[in-house]
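Undergrad: sequence and computational prediction follow.
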Amino acid sequence: MSQSITLSLRRALAATAVGTLLLTLPGCGNTTPAPAASSTPGGNVAATVNGEPVSQDELNAELNRLHGREVLRKVVDDKLIQQAAKKDNITVSDAEVKRRMDELKGSPQYAALQRGTGMTDAEMEVQVRKAVTLQLLILPEIKETEKLAMYDQYREQLEKAHVYHVLLGSKGDADKALAALKGGKPFEAVAKEMSKDTGTKDLGGDLGWVSRPMIPDESMRTTVFTIAENTLSDPVKSQAGFHIVKVTARRKSYDDLKGDIQDTLSASRQENYLQRLRVKAEVKTRYDNATPAPAAAAAASPSPAATH
């Protein structure tokens with residue numbers, strides 16, 4: 001799958017409104033995949049090495065030594081968010097969580113996101129609820145004039161198109177694919193049969209919602225943002241090969257993009273908002289008087305405050 005054409009997981013997720021929030025929420029974006037369920041070793045045995053057991057207690061002690069502070073800080077931040085939401089009478093409805101989850105699942109890369117994080121749908125819903133709660137706490141601080149200013153300044157970069165493509169290895173193959181499409185064969189069927197993009201062919205060529213900065217190839221970028229909706233492009237050459245492109249919808253008005261703008265602005269304020277909560281809170285932990293974690297471990301485990 002060509003890196004220059006297939007969207008990275010991070011960019012594809014960020015293309016959704018809630019994705020921007022999830023990627024900057026403490027503890028999200030760099031999640032270690034959960035271990036696969038297994039019936040062995042089981043009990044208090046985490047592993048066996050040549051028949052000798054490694055206990056779950058040993059594993060927990062090592063995990064706590066290396067990552068305890070980092071994980072506890074995330075838990076503390078979650079508690080601070082919950083307390084702030086309760087104080088401000090903020091609740092996130094199940095309907096809103098479902099809407100956001102539907103938006104996430106609409107991304108072609110959602111399955112890859114789940115594999116990368118090890119989260120189930122239910123666990124992802126928990127993270128979505130936390131992300132939206134934090135956004136609702138921050139949004140009152142963002143003025144409408146600031147949103148409009150961002151739209152005016154970055155209108156071209158913010159515009160999005162829902163793109164489908166078929167990637168072919170040669171101009172001749174691209175001409176054959178285009179002829180099949182013009183002959184009435186469904187785009188999805190042609191993509192599944194002929195596309196060389198293994199990341200999207202089984203999705204009928206669906207690249208999801210993309211913006212100009214997400215398309216590195218100039219010829220593809222020009223085609224995506226000039227072609228009329230629901231028409232077929234001529235073969236477009238890129239470093240990956242030749243593409244037949246179709247755009248099914250666009251988002252370009254302020255109302256269309258307001259959700260993305262709000263999420264981007266609120267995400268940029270998350271760390272500052274959390275820091276203010278931390279400063280005002282009285283937090284005591286088991287690590288307050290403990291020996292600092294090894295420098296190597298600290299370097300390998302970025303703080304939840306880091307930008308994801």
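TA: Structure's in. What do you need? Residues are numbered from 1 along each chain as shown.
Undergrad: where exactly do the strands run in the chain?
TA: 45-49, 52-55, 160-168, 206-211, 236-238, 241-251 (DSSP state E).
Undergrad: from those strands, which stretch is densest packed?
TA: Compared across those, strand 160-168 shows the largest average neighbour count, a mean of 25 (mean count of other C-beta atoms under 10 Å). (Each C-beta comes from the backbone N, C-alpha and C, glycine too.)
Undergrad: and it, average pLDDT?
TA: For strand 160-168, mean pLDDT is 96.
Undergrad: same thing with stretch 69-76?
TA: For stretch 69-76, the per-residue pLDDT averages 92.
Undergrad: can you pull the buried residues of that stretch?
TA: Of all the residues in stretch 69-76, those buried under the rule 16 or more other C-beta atoms under 10 Å are 69-70, 72-74, 76.
Undergrad: just list the residues touching residue 120, thanks.
TA: Counting by C-beta atoms under 8 Å, 6 or more residues apart in numbering, residue 120 makes contact with residue 114.
Undergrad: need phi/psi at it.
TA: phi -80, psi 170 (degrees, to the nearest 10).
Undergrad: so for it, what's the pLDDT?
TA: For residue 120, the predicted pLDDT is 91.
Undergrad: what about it, distance to residue 241?
TA: 36 Å (C-beta to C-beta, to the nearest Å).
Undergrad: what's the answer for residue 139, then?
TA: Residue 139 is 43 Å from residue 241, by C-beta to C-beta.
Undergrad: can you check residue 279 too?
TA: 54 Å.
Undergrad: next one: residue 268
TA: 37 Å.
Undergrad: who touches residue 177 in this structure?
TA: Contacts of residue 177 by C-beta under 8 Å, 6+ apart are 166, 168, 190, 194, 244.
Undergrad: what of residue 161?
TA: Counted by C-beta under 8 Å, 6+ apart, residue 161 has contacts 209-210, 224-225, 247, 249-251.
Undergrad: what pLDDT does the nearest residue to residue 134 once chain neighbours are set aside get?
TA: Counting by C-beta to C-beta, 6 or more residues apart in numbering, residue 134 lies nearest to residue 81, which is 5.5 Å off, once chain neighbours are set aside. The per-residue pLDDT reported for residue 81 equals 96.
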